[in-house]
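In: This is a predicted model, with the sequence first.
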Amino acid sequence: MMKLLPKIRFATAWLGGCSGCHMSFLDLDERLIDLAGMIELVYSPIADIKEFPENVDVTLVEGAVANVDNLRLALEIRARSRLVVSFGDCAVTGNVPSLRNKLGVDDLLTAVYHEGPGNHPAGNEPDGVMPQLLPKVLPLHQVIAVDAFIPGCPPDTERIWAAVSALLAGEPVVLNPDMRSFG
Amino acid sequence: MTRTVTIDPVTRIEGHAKITVHLDDDGHVADARFHVVEFRGFEKFCEGRSFWEMPGITARICGICPVSHLMASAKAGDAILGVTIPPTAAKLRRLMNWAQLVQSHALSFFHLSGPDLLLGMDSDPAQRNIMGLIEKYPDVARNGIRLRRFGQKVISLLGGESIHPDWAVPGGVRTPLSDENRSVIRRLLPEALDITGLALDMLKDAFDDYRDEETMYGNFPSLFMGLVTPDGGLEHYDGLLRIVDSDGNVLESGVSPARYREVIGEAVEPWSYLKFPYYKPLALRGLNGDAAPPGFYQAGMYRVGPLARLNVCDFAGTPRADSELREFRRLAARGKLVTNSFHYHFARLIEILYCLERIAETVEDPTVTQERVRANAQVNSLVGVGVSEAPRGTLFHEYHVNEDGILQKVNLIIATGNNNLAMNRTVKQIAQFHINGHKLTEGILNRIEHGIRLYDPCLSCSTHAVGHMPMVVQLLDAQGQLIDTITRDA
Ligand code: SF4
């Protein structure tokens, strides 16, 4: 009798990004159906578990670290995942979200919400609901240790498949040189 | 003592948000709020860059609807150049825009809301996602995946990539459609049409199971806004802004999109990064310049997106979509509009059908493969406004440049933002219906979230607008008492 392997506990998360990396993941299309046989999706923005669970095997993280919620989630992910993958240019370099780094948080909020006085979200003070913005947007590996990188904006499905197949097979992620470009 | 229940994060939507429900001593819902907690300050850092770069940069606002930003940005660029783009380029842009509506609506219906509709609002949260759907209903899940794939495929056949294609540019598009790629689209169409027909049947069958949802998932009067063709048909790429009320009265029959500031204002609240756009004439009516009372802008609440577009148009313009539209209209009393946000799902499927029919029509157009697809010009106007209908509603890009095309100012109103007031009203309505006095369950919280999923919000998109719009700011003290209201005009 064939012995069924236990499913890999798999998670995806998004921090400060545009969701494009997740959309590229969904572009795996019918390969998702194969994947469903191999993994248990234990946490993801496209699923409903609200707390990042314990004992996760692999987590793909899209997006840069932009506010304290992102920071907290990144630390939880590191503490509870065996392997963490920096997924897409925003996670790998800070990419588009980090373009705000040359501007101060206060100036930015004032410019975006109004030039006069008023009550937009405080941005850099905790109020219990709205997360404080970090003074600078950071790539993931500046906040937590990362085990593999998948660059691209977004990484195309072939890169994702190459990396995910390696991870599921318990092998190191080695992308071909043409799969290591940004943009 | 009052108590606050927080849903954090709201899942199966695009972007970062929380919902808080405020309960009074008796466990009744006093208020409920939808908080958008992300902020990237996009438009501010675009200042100083060239408008030529904007389609590529603004596409990165959102990975679900990059094409909408591409379209609105390229159209704002066309206006700065002062050109009429070649007819083939316009047809190709429309083609890509329809393809995006198909993929984004399929994602919303199958991948994001499908788990609620098919597995059940109270089903096991560990399974209530696309993977769970694949296990329980593999055929339905496969159909959803394939329908979304159709849209993504057409986008990549035109633009080279399915996400963030670098294709539409000020003046037109970079590459024409090859004969070969046209045949690929033709070949893929029948399956996409079949799947859409099945999805429509499935949703109608499900109506019986969702009687409650039909009556109170965002069921209230409001205004509706969307683009229409000059003769009043359904439109997604160009056209005029129409605004109607739920009794079917037309408040604005056809505003040129470049004049959008005359009809839309934006309010700000300290508990969300998402602004609250409102229809100015109605919100300001009767004030005669007096200080505006708190929350006055609520009166200008309007909805956008699939439900609104089907409500504002006189007809769709393709045979199958028009026949579905007749059925959709029967959901409301004669002459009234469909005011129930639960029917965003139905409207979304009708729009998929419409887009597929339009794509089928357009690929048969003998001129669609012509090679003249780009007009060349320099800066001829220092202001450009580009508007399109994104999957979630009307999207505005407004650019101010100098003679060299360097951006001095950028204003965006993003589709989802337009629905902010309605989304807040919806979560409160659902919370009141389900919670009042009852014990809170995970399923109830999921229902409240479903209220947000109806609007299929795209929050990465929504929190970047620079406020040079007319705006109202209310100053409240710690007890929430209004101290002052400041109104600033454009
Ligand atoms: S890397 Fe690109 S596609 Fe991925 S989240 Fe960032 S901007 Fe979006």
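Out: Alright, I've got the coordinates. Just so it is clear, the model here is predicted, and its values are computed rather than measured.
In: what's the neighbour count on the closest residue to the ligand within the stretch 301-450 of chain B?
Out: Nearest to the ligand in the stretch 301-450 of chain B, going by Cβ to the nearest ligand atom, is B:I414, at a distance of 15.7 Å. Backbone N, C-alpha and C define where each C-beta goes, glycine included. Residues lying near B:I414 (other Cβ atoms under 10 Å in any protein chain shown) number 32.
In: That one against B:L395, yeah?
Out: Yes: the pair B:I414 / B:L395 is scored as a contact, 6.1 Å apart, by Cβ atoms under 8 Å.
In: Around the ligand, pick out the residues from chain B.
Out: Neighbours of the ligand within chain B, by Cβ under 6 Å from any ligand atom: B:R60, B:G63.
In: swap in chain A?
Out: A:17-18, A:20-21, A:62-63, A:88-90, A:95-96, A:153-154.
In: low-scoring pLDDT stretches of the stretch 1-150 of chain B, where are they?
Out: Counting by pLDDT under 70, the stretch 1-150 of chain B shows low-confidence ranges at B:1-2.
In: Strands of that one, start to end?
Out: B:3-7, B:17-23, B:29-36 (DSSP state E, counting those that start in this stretch).
In: can you put these in TSV and add mean neighbour count?
Out: Below are those laid out as TSV (neighbours: other Cβ atoms under 10 Å in any protein chain shown):
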stretch	mean neighbour count
strand B:3-7	16
strand B:17-23	21
strand B:29-36	22
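In: List, out of the residues of chain A next to the ligand, those positioned next to chain B.
Out: Filtering the residues of chain A next to the ligand for proximity to chain B (criterion: Cβ under 8 Å from any Cβ of the partner chain) leaves A:G17, A:C18, A:G20, A:C21, A:N95, A:V96, A:C153, A:P154.
In: Can you pull the phi/psi pair for the fifth one?
Out: Translated: A:N95. phi 40, psi -140 (degrees, to the nearest 10).
In: Chain neighbours aside, what residue packs nearest to it?
Out: Residue nearest to A:N95 in three dimensions, not counting chain neighbours: A:D89, with 4.1 Å by Cβ to Cβ, 6 or more residues apart in numbering or on different chains.
In: hmm, back to that, return the member of the residues of chain A next to the ligand nearest to chain B.
Out: Taking Cβ to the nearest Cβ as the measure, chain B lies nearest A:G20 of the residues of chain A next to the ligand, at 2.4 Å.
In: Pick out the residue of the stretch 101-250 of chain B closest to chain A.
Out: Counting by Cβ to the nearest Cβ, the stretch 101-250 of chain B gets nearest chain A through B:N129, at 3.6 Å.
In: any idea of the pLDDT on B:A431?
Out: Per-residue pLDDT puts B:A431 at 86.
In: so which helix or strand takes in it?
Out: Here B:A431, judged by DSSP states H and E, is contained in helix B:420-435.
In: so where is chain A shaky, pLDDT-wise?
Out: Judged by pLDDT under 70, the stretches of chain A that qualify are A:1-5, A:110-128.
In: Tell me where it has helices.
Out: Here chain A has its helices, by DSSP state H, at A:20-26, A:31-38, A:68-80, A:89-93, A:105-113, A:157-168.
In: Which strands and helices lie in contact with the first one?
Out: In terms of contact count using 3 or more Cβ pairs under 8 Å, 6 or more residues apart in numbering or on different chains; DSSP states H and E, helix A:20-26 is assigned the packing partners strand A:8-14, strand A:56-62, helix A:157-168.
In: which one of these lies closest to A:A36?
Out: strand A:8-14 (10.2 Å; Cβ to Cβ).
In: who does the closest one pair up with?
Out: Next to strand A:8-14 in the sheet, as set by DSSP bridges, lie strand A:39-43 (parallel), strand A:56-62 (parallel).
In: just how off-centre is it within its chain?
Out: 10 Å (Cα atoms, centre = their mean, to the nearest Å).
In: ok, and what's touching that strand?
Out: A:21-22, A:25, A:38-46, A:52-53, A:55-63, A:73, A:77, A:81, A:87, A:168, B:16 (Cβ atoms under 8 Å, 6 or more residues apart in numbering or on different chains).
In: Now that we have those residues, which of them are buried?
Out: By neighbour count, with 16 or more other Cβ atoms under 10 Å in any protein chain shown, the contacts of strand A:8-14 hold A:21-22, A:25, A:39-46, A:52, A:56-63, A:73, A:77, A:81, A:87, A:168, B:16 as buried.
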